[in-house]
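1. sequence and predicted model, in that order:
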Amino acid sequence: MGARYFGASVRRLEDPKLITGRGTYVDDISVAGMMHVAFVRSPHAHATINSIDASMAREMPGVHAVLAADDFEGKADKPMILPVPAPIIKQAKTQYPLARGSVHHVGDPVAVVVAETRALAEDAAAMVMVDYDPLPASVDLAHALDPGAPLAHADSPDNLIATLKGGFGDAAGIFAKAPHVFTERLELHRGGCHSMECRGVVVRPDPMGGRFEMWNSTQVPYMVRRYLAQYLGLEENAIRVAAPDVGGGFGPKAVVYAEEYAVSLAALHLGIPLKWIEDRREHFVATTQQRDQIWDLEVAADADGRLLAVRGTCLHDNGAYIPYGIVLAATAMAAFPGPYALESVDVTIHSIFTNMVPNTPVRGAARPNTCFVLERLVDLVAQKLGLDPAEVRRRSYVRPDQMPYTTGMKARDGSVVAYDSGDYQGCLDLAFAKYGADFRARQAAARAEGRYLGMGMASYVEDTGLAPFEGATIRVQPDGKIHLQTGAAAQGQGHKTVFAQIAADLLGVRFEDVTVEAADTAAFPLGIGTVASRVAVVGGSSVHMAATEVRTKAIKVGATLLEASESDLELEGGFVKVAGTDRKIGLGEIALKLNGLFGSPMMKGVEPGLAATSYFEARELTFANGSNICEVEVDVDTGAVKILRYVVAHDCGKLINPMLVDGQIRGGVVHGIGNALYERMIYDESGQPLTTNYGEYLLPLASEMPRIEIVHMESPSPRNPLGVKGAGEGGTIPAAAAVIAAVEDALAPFDVRIKRHPISPQDIVEMIDAGMPALAAE
Amino acid sequence: MDVEEKRRISLVVNGRKIEREVSPRKHLGDFLREDLRLTGTHLGCEHGVCGSCTVIADGVLVRSCLMLAIQADGMVLRTVEGLAEPDGTLHPIQEAFHEKHGLQCGFCTPGMLTTLAAVIEENPSIDEAGIREAISGNICRCTGYETIVDAALSAAATMRQGA
């Protein structure tokens, strides 16, 4: 078997229809008799609802129905299912599909309006009269746990969702004896996903009743099916959920939202197909974001600047509900100690309710947060001790000879976390080999001209390939083409291409002859979802297993039909061949035989069909890693930051398709640059969002973004048959840390230390102004 | 149910003459998608910033979410569905997007393609800075833009050779 496709940058199978305008996104789907939904949403951050009067709206032209929670005859009375329960959650507050008596963030859905067009539905939604009594809102994370602080939920004792404690080693002892201890307060903001396609669903009730189909712009069709079935009291088999082409996900489309419940409830209640497409303003107030964290930290280092221990406390803003439980806080915790061989970690994270949009993972989840925290501490140690930041890292990294390295932390299931492979120092060296060694000289020369260059670096380790499983069915069809079905949903990553690459090599066919059908509960029985950089690892491995099984069967049957020994056979060009001869039989011909013929008994000991279904169960995580180097120039008069160079050294194990991995990295880095410099979701003190369009909320643009120079190291994972690790988030995780470090380095003459992100030009000018006395004293 | 006054418009879309009754408040993007079923044009923000809905109207790039359908009366429009030749031969920018991995999820892609097709047809000698400026009104969340820029440079080179 030759690896013709695995490892090659083949062009994507997904592209031809997408570049000609023939994609099928959820808003491109129309079904007969379909009506359109608009939501009535809360204009208040926190309020009780006294009454809802839809009488005027119901009389509006084209309006079919207006439905609030009380209109569903008790079917919408329960809060939504909490997908990830945990015993330490003190207040398991999930949303209702439509508000019942109170609202908890601006954008909370209150009623659905069903009309002949979306425009008419929106007209009528504006005429639904909701009588609210506004309540004080929880919007100040720093003081949200103070006695007497405004409550996000009026019936709560306080705003605390849960307190997580994690770590290992004797922190108190180490900090008592360490030669160097430094403290820092860091504040982080992550912003939203901003997939260019907003969310949306089309729901078609079965005319026979009791069942429905849903097309959904989701990362998790099987979870949508599971939770809607539970909530609605239906068998899972009564619900088909399919994800069509999905225009980006980045995490928030892995949530099963109130709108998905409410549109399903309304479609079943009314017995008509419904479409709801989120508009961009709704995306700003109803699609989950990642919000703020405030960290108070201490770092201990030995006399040489080697990191010994980190301890601290985090206030984690989880927004108004917990659609993902405490997963984000747990992800932040689990990302310690990063690439560093610490002797102790002692971290406490308080997950907190506020009256802002709920919080779930956005690209990288909370790993970028913990990376930012750790990397800022490393830079602090370097700065305080007058060391090269690269040298502090070198002295502190886990070494290759320590692999597999037991970090001391526990995974979510209580198991021991052990890094599988990697050379963290090697990756940083690789990045510097690409970047060059002349920066300090160039920086000095630039400063002599009054220009401020800076260089920063950041390293990370990322857990990828999250449990439990994905699966695949591979079936050879009578025409010799390969049909591959899997549960794993794609949002632009190119899964079809990489799955086809894996299968085509094993089956000796052209990869164009593999058709992939994914993310449809009617096509494949079980799936988990596309989150946490897991699909290449878990889904890819299941494709490998299924293809291997089909290959084995083709050889076994081929040996009988060709009257040859199995060991003499190979798969090539769509045939099972006797090596070195022209004796061969097509895979399609074998498939046709195994698909059976009236009255003709099957071969003994062979099950019908040239097909196999396999599930890969991820028992242990795989750990990708990398180091980034960013170079910037800061205009100290305007605060403008220009990124001059950005170098990524990336290790995600074996590369299935380097072109696609590079694409993941580039997009991820730019997302992280946005987090560092542009993206800020601002609320005022009453909980009103102030940035609800792309004039106010800035996303990275082509005119500002640098080229991303990428070099790869390949440390294969021993934990799956492909040797791969995930690549979806490794671009984002270190990017904000590297950019901020570079800006800080540029501003070193002003004694600026940057303790938060994002930073705007105005922030930079203010920091420079505050640092000017230091300059004057030089 | 006829709930709104409609006006008759006629225009040419991708070489095809079209006549339709349309609500005066319907924007061009909705008209293309809903009335003509040309769903290749995508609506990403509907406030004129993201550029996904960009189409070419009388040779000029417009955001179909910021223009009413009735304003397109008498115009000649080109959408992503009209970039390829009638025989299916792809426009150089479409080929280059496939070759250079200029798309991931594909949602911003139609607006990128229409924008770049118009810009490169106008000026096949455009350089990287010019391309980045030209697509600075098109937001892509997947690619980080670099492969889109590479695709545009490659397509421009192809067009120069063809000219």
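-> Yep, it's here.
2. my guess is A:Ala258 contacts A:Arg100, does it?
-> No. Look at A:Ala258 against A:Arg100 with CB atoms under 8 Å: they stay out of range, at 11.5 Å. In this view, the C-beta of every residue, glycine as well, is placed from N, C-alpha and C.
3. between the two, which is the more surrounded one?
-> Neighbours per residue, other CB atoms under 10 Å in any protein chain shown: of A:Ala258 and A:Arg100, the larger number sits with A:Ala258, 22 against 17.
4. mind listing the helices for chain B?
-> With DSSP state H as the criterion, chain B has helices at B:28-30, B:92-100, B:109-122, B:128-134, B:146-162.
5. list the contacts of the shortest one.
-> Translated: helix B:28-30. B:41, B:43, B:46, B:53, B:55, B:57, B:62-65, B:67-69, B:71-72 (CB atoms under 8 Å, 6 or more residues apart in numbering or on different chains).
6. for A:Val203, which non-adjacent residue is closest in space?
-> With sequence-adjacent residues excluded and distances taken as CB to CB, 6 or more residues apart in numbering or on different chains, A:Val203 is closest to A:Ala267, at 4.0 Å.
7. domain map for the chain?
-> If you meant another chain, say so; for now it's chain A. Using automatic domain parsing, the domain parsing of chain A gives A:15-22+A:468-617, A:397-465+A:621-778.
8. you answered for a different chain; I wanted chain B.
-> Per automatic domain parsing, the structural domains of chain B span B:7-82, B:92-162.
9. dump those domains to a markdown table, plus mean pLDDT.
-> Output for the domains of chain B, formatted as a markdown table (pLDDT from 0 to 100):
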| stretch | mean pLDDT |
| --- | --- |
| domain B:7-82 | 98 |
| domain B:92-162 | 98 |
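10. A:Arg306 is nearest to which of the ones you listed?
-> Closest approach to A:Arg306 among those is made by domain B:92-162 (34.8 Å; CB to CB).
11. just to revisit the earlier point, packed most tightly, which of the domains of chain B would that be?
-> domain B:92-162 (a mean of 23; mean count of other CB atoms under 10 Å in any protein chain shown).
12. distance between the ends of that domain?
-> Separation of the first and last residues of domain B:92-162 by CA to CA, to the nearest Å is 10 Å.
13. next one: it, is it in contact with chain A?
-> Yes. On the criterion CB under 8 Å from any CB of the partner chain, domain B:92-162 is in touch with chain A at B:94, B:97-99, B:101, B:103-110, B:113, B:131-133, B:135-149.
14. show me the contacts for the residue of chain B found nearest chain A.
-> Using CB to the nearest CB, B:Gly40 is the residue of chain B that sits closest to chain A, at 2.1 Å. B:Gly40 makes contact with A:Thr20, A:Gly21, A:Arg22, A:Gly23, B:Thr79, B:Val80, B:Glu81, B:Pro110, according to CB under 8 Å, 6+ apart.
15. what about the helices in the stretch 1-150 of chain A?
-> Under the criterion DSSP state H, counting those that start in this stretch, helices of the stretch 1-150 of chain A are mapped to A:15-18, A:55-58, A:118-125.
16. can you check the stretch 201-350 of chain A too?
-> With DSSP H, counting those that start in this stretch as the criterion, the stretch 201-350 of chain A has helices spanning A:221-232, A:258-270, A:280-286, A:327-334.
17. helix/strand/coil for A:Leu484?
-> Under DSSP: H, G, I helix; E, B strand; the rest coil, A:Leu484 falls in the strand class.
18. for it, give me the pLDDT.
-> pLDDT, A:Leu484: 98.
19. now do the one 5 residues further on
-> A:Ala489 is assigned 93 on the pLDDT scale.
20. gap between it and chain B?
-> Using CB to the nearest CB, to the nearest Å, A:Ala489 is found at 12 Å from chain B.
21. ramachandran coordinates for the residue of chain A found nearest chain B?
-> Proximity to chain B, evaluated over chain A using CB to the nearest CB, is greatest for A:Gly21 at 2.1 Å. As for A:Gly21, its main-chain torsions (degrees, to the nearest 10) stand at phi 80, psi 20.
22. nearest to A:Ser717, out of the helices of the stretch 201-350 of chain A?
-> Here helix A:327-334 is closest among those (CB to CB), at 17.8 Å.
23. between the two ends of stretch A:693-707, how far is it?
-> 27 Å.
24. what average pLDDT does it get?
-> Mean per-residue pLDDT for stretch A:693-707: 98.
25. return the set of buried residues in that stretch.
-> A:Tyr694, A:Tyr697, A:Leu698, A:Leu699, A:Pro700, A:Leu701, A:Ala702, A:Glu704, A:Met705, A:Pro706, A:Arg707 (16 or more other CB atoms under 10 Å in any protein chain shown).
26. between the residues you listed, which sits nearest B:Met159?
-> Distances from B:Met159 to the buried residues of stretch A:693-707, taken as CB to CB, are shortest for A:Ala702 (19.7 Å).
27. in contact with that closest one, which residues?
-> Going by CB under 8 Å, 6+ apart, A:Ala702 touches B:Ile131, B:Arg132, B:Ile135, B:Ser136, B:Asn138, B:Cys140, B:Tyr145, B:Ile148, B:Val149.
28. how about A:Arg367?
-> Residues near A:Arg367 by CB under 8 Å, 6+ apart: A:Thr331, A:Ala332, A:Ala335, A:Tyr460, A:Glu462, A:Asp463, A:Glu729, A:Ile733.
29. need those in JSON lines (columns: pLDDT).
-> Output for those, formatted as JSON lines (pLDDT from 0 to 100):
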{"residue": "A:Thr331", "pLDDT": "94"}
{"residue": "A:Ala332", "pLDDT": "96"}
{"residue": "A:Ala335", "pLDDT": "95"}
{"residue": "A:Tyr460", "pLDDT": "98"}
{"residue": "A:Glu462", "pLDDT": "97"}
{"residue": "A:Asp463", "pLDDT": "95"}
{"residue": "A:Glu729", "pLDDT": "96"}
{"residue": "A:Ile733", "pLDDT": "98"}
